[in-house]
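Q: Have a look at this prediction, sequence included:
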Amino acid sequence: MTDDDQRLTGSRERFTRPPTPAGFDSSRAAERAADPRGWRYEETERETVHRVIAERRDVRRFRPDEVPEDVLERVLAAAHRAPSVGLMQPWRLIVIRELATRVAMRRLAQRERLRQADRFDERTRQFLDQKVEGVVEAPLGVCVCCDHGQPDAEILGRGTIPETDVYSTACAIENLWLAARAEGLGVGWVSFYRPEDLRALLDIPSRVDPIAYLCLGWPDERPVRPSLETAGWSSRLALDAVVMNERWREDSARPAASNGHRSAQPAGTAGGAPSADAGPDRAAAIAARDRLDQLVKPVGSLGALEALIERWAAVTGRPPPPGVRAGVLICAADHGHVVRGTSLFDSEVSAQVTAAAARGETAVGVLAHRGGHELLVADLGLVGPTPPGVRDAKIAAGSADMTAGTALSPDELDMALETGAALARELADHDVDCLVLGEIGIGNTATTAALVCALTGASSQLAVGRGTGVDAAGLERKRATVTAALARHGAPLPPREALRTVGGLELAALAGAAGEAARLRLPVLLDGYAVTAAALVAVQLDPPVGEVLIASHRSAEPGHDILLAELGLEPLLDLRLRLGEASGALLALPLIEAAGALYDGMGTFEESGVARSR
């Protein structure tokens, strides 16, 4: 017996995969991959579900027979099983049995029905034919309420759409209605009343809104069509009149396209070239997730590394390799606004740092050499001559002062985007696994802040940080410069306009490089504040670019959080860096390599001889 055989045999003797606890998903990745439709019901059961949906009706006439308590409990339980955003469960169900309360409710409905009648002009008589006697005829009423809770309570998913509690309550109403139909019960929705009157009748507190008053009982009619359709009030629209593909269609009478074609995409980042049609490789990402699920560890226990592995696989078709070789692109340029005291240093320092980076003497040079990465340092817009060892890709001698006019001309912007794309292609040809982006340029944190404000509408107070370490007076000068530029050009602006008016040559080149990497299906590891701003431009120009981006770290610059939120990216590291020149991205690469090594080297339960029980 070999050592490996002994190891596996020992594993079988030592370990048993614990059974899945009750209430957790007991399916395995291999099962789901073998039968993606394995969760569906049998055909006859599916037909029943769709039949219940199709035959749900608004019932107006009821029998006086009582509803058994067990039937009522099943219907109410169905309502309580409704989906809710953030599992907030905002619905509250008031069951009304007392005849006096139902009579009072009918009076509210009758009064409001007469108040509304004149709104329908020639259809007034037809409107008055809609009876409300069912409020009393039905043995039960159910008032479905939405309890908004305390206004200062944070609910997952309700931060930007406060109405999600009402939408969730509507789901409870539909669940109740469908369950009632399955039981043979009728439901009638009463909508003729004033909410404040119903609130007073049922002692509903002010923080709670009554969403629906429902009549519930055995029906004295069995309608095959909606009652308003039978009465000629209206008719059901055709499905293709309400289904739209990709974008809103104002003309709802026009059939929705069904040929599977994609809608028109915004122009790409480099010269208007379109993004890759293929999009993320979801099959590869799911295959990676399946293997992660089978590794000898609790499901999801590698946290953000598992999301990183899936994202990498979605871009490249495979997880990150245990050894990642990066193409590192550093774009350098100067900025015209530095004459206004927006930096501690003058423009000539940009050329000195760029030259040192090309010689391997700055952080990017040291880290790139240490990792065996391909480093390309390019001059996109230094004021002076291109330093030795630096690629001459100069478009202009720096950008113009954004407070006095536009920072870039249209031609300069196009050339910078195209040059960045070309440099990304060149690095990709060197058999690299990803593209790492960095920048060098005195004054570019002020430019970045202005670009962030122009792209997102954020204030200069939030977007402007200390950069190279300016003092309080220098920080105020930076903020004043950014504020002046925004006052001149406006905000928010479309991405090209933002980049042209307040951007920089190196940032435009980085945006072009990110767009080209997306077309080449090459992951892009972002550095800090300036690079992430360029990436946001690339994504706003061509949204699929966002699928290839990975945030390496969180910068000490306060505006970086705004950008990360806009891109929906969580950084791998938070080291309070503000150095730039791709240093944070290169520091994150070993973490990506470790994720690849774990994925490649860890055994699955089956490979490790671990028995599985349930």
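A: In hand now; what should we look at? Numbers count the residues shown, from 1 in each chain.
Q: The chain: strands as residue ranges?
A: For the chain, the strands defined by DSSP state E cover 16-17, 91-96, 140-147, 186-190, 208-217, 326-333, 374-381, 391-392, 434-440, 524-526, 549-551, 611-612.
Q: Turn these into a markdown table, including mean pLDDT and mean neighbour count.
A: Where C-beta positions appear, they are placed from N, C-alpha and C, glycine not excepted. Shown next, in a markdown table, are these (pLDDT from 0 to 100; neighbours: other C-beta atoms under 10 Å):
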| stretch | mean pLDDT | mean neighbour count |
| --- | --- | --- |
| strand 16-17 | 66 | 13 |
| strand 91-96 | 96 | 18 |
| strand 140-147 | 96 | 21 |
| strand 186-190 | 92 | 23 |
| strand 208-217 | 95 | 22 |
| strand 326-333 | 97 | 30 |
| strand 374-381 | 97 | 25 |
| strand 391-392 | 97 | 15 |
| strand 434-440 | 97 | 30 |
| strand 524-526 | 97 | 30 |
| strand 549-551 | 96 | 24 |
| strand 611-612 | 54 | 14 |
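Q: out of those, nearest to R199?
A: strand 208-217 (6.2 Å; C-beta to C-beta).
Q: relative to strand 91-96, how tilted is that closest one?
A: Angle, strand 208-217 to strand 91-96, by axes from the mean of the first three to the mean of the last three C-alpha atoms, to 10 degrees: 50 degrees.
Q: ok, back up a step: nearest to G515, of the strands of the chain?
A: Closest to G515 of those is strand 524-526 (C-beta to C-beta; 9.5 Å).
Q: partners of the closest one, with directions?
A: Applying DSSP bridges to the sheet, strand 524-526 is found paired with strand 434-440 (parallel), strand 549-551 (parallel).
Q: how far out from the middle of the chain is that strand?
A: In terms of C-alpha atoms, centre = their mean, to the nearest Å, the centre of strand 524-526 is set 19 Å apart from its chain centre.
Q: Then stretch 57-68?
A: The mean C-alpha position of stretch 57-68 is separated from the chain mean by 45 Å, C-alpha atoms, centre = their mean.
Q: same deal with stretch 296-304?
A: That offset, for stretch 296-304, works out to 22 Å (C-alpha atoms, centre = their mean).
Q: which residues are in contact with it?
A: 292-293, 306, 570, 572, 595, 598, 602-605, 608, 610 (C-beta atoms under 8 Å, 6 or more residues apart in numbering).
Q: Which two of the residues you listed have the greatest separation?
A: E570 and V610 (31.5 Å).
Q: Have a look at these two and say which one is more surrounded.
A: A count of neighbours by other C-beta atoms under 10 Å puts V610 above the other of E570 and V610, at 17 against 13.
Q: Which pLDDT value belongs to that one?
A: V610 carries a pLDDT value of 61.
Q: D4 now?
A: 52.
Q: Tell me where the stretch 451-600 of the chain has helices.
A: 460-463, 472-489, 495-502, 505-519, 529-541, 560-567, 583-601 (DSSP state H, counting those that start in this stretch).
Q: Same check on the stretch 151-300 of the chain?
A: Using DSSP H, counting those that start in this stretch, the helices of the stretch 151-300 of the chain run over residues 164-183, 195-201, 227-230, 282-294.
Q: Tabulate those in a markdown table, adding columns for mean pLDDT.
A: Shown next, in a markdown table, are the helices of the stretch 151-300 of the chain (pLDDT from 0 to 100):
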| stretch | mean pLDDT |
| --- | --- |
| helix 164-183 | 96 |
| helix 195-201 | 92 |
| helix 227-230 | 67 |
| helix 282-294 | 88 |
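Q: Tabulate those (a markdown table), appending mean neighbour count and distance to A509.
A: Output for those, formatted as a markdown table (neighbours: other C-beta atoms under 10 Å; distance: least, C-beta to C-beta, whole Å):
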| stretch | mean neighbour count | distance to A509 |
| --- | --- | --- |
| helix 164-183 | 20 | 42 |
| helix 195-201 | 15 | 58 |
| helix 227-230 | 14 | 61 |
| helix 282-294 | 18 | 30 |
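Q: closest one to P320 among those?
A: helix 282-294 (9.7 Å).
Q: How about residues contacting that closest one?
A: With C-beta under 8 Å, 6+ apart as the test, helix 282-294 has contacts from 28-30, 32-33, 299, 302, 306, 309-314, 316-319, 599, 604-606.
Q: Which ones among the residues you listed lie within helices?
A: Taking DSSP state H, the ones among these that sit in helices are 29-30, 32-33, 306, 309-314, 316, 599.
Q: Now tabulate those in TSV and tack on pLDDT.
A: Listed next are the ones in helices among the contacts of helix 282-294 as TSV, based on pLDDT from 0 to 100:
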residue	pLDDT
A29	77
A30	76
R32	82
A33	81
E306	92
I309	94
E310	92
R311	93
W312	95
A313	94
A314	92
T316	94
Y599	92
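Q: which of these count as buried?
A: With neighbours counted by 16 or more other C-beta atoms under 10 Å, the ones in helices among the contacts of helix 282-294 contain buried members at 29, 32, 306, 309-314, 316, 599.
Q: okay, among the residues you listed, which ones form the most distant pair?
A: R32 and T316 (22.9 Å).
Q: and A513, how many neighbours?
A: Neighbour tally, A513, other C-beta under 10 Å: 33.
Q: give me every residue that touches A138.
A: 62, 102, 186, 188, 215-217.
Q: Of all the helices of the stretch 151-300 of the chain, which one comes closest to A454?
A: helix 164-183 (31.2 Å).
Q: what helices or strands is the closest one leaning on?
A: Helices and strands touching helix 164-183, by 3 or more C-beta pairs under 8 Å, 6 or more residues apart in numbering; DSSP states H and E, are helix 43-55, helix 69-80, strand 91-96, strand 140-147, strand 186-190, strand 208-217.
Q: With distance to M244 added, can I get these in TSV?
A: As requested, the helices and strands packed on helix 164-183 are exported to TSV (distance: least, C-beta to C-beta, whole Å):
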stretch	distance to M244
helix 43-55	21
helix 69-80	30
strand 91-96	30
strand 140-147	28
strand 186-190	27
strand 208-217	27
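Q: Save the helices of the stretch 451-600 of the chain as CSV, and put in distance to G86 too.
A: Output for the helices of the stretch 451-600 of the chain, formatted as CSV (distance: least, C-beta to C-beta, whole Å):
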stretch, distance to G86
helix 460-463, 27
helix 472-489, 36
helix 495-502, 32
helix 505-519, 33
helix 529-541, 27
helix 560-567, 19
helix 583-601, 30
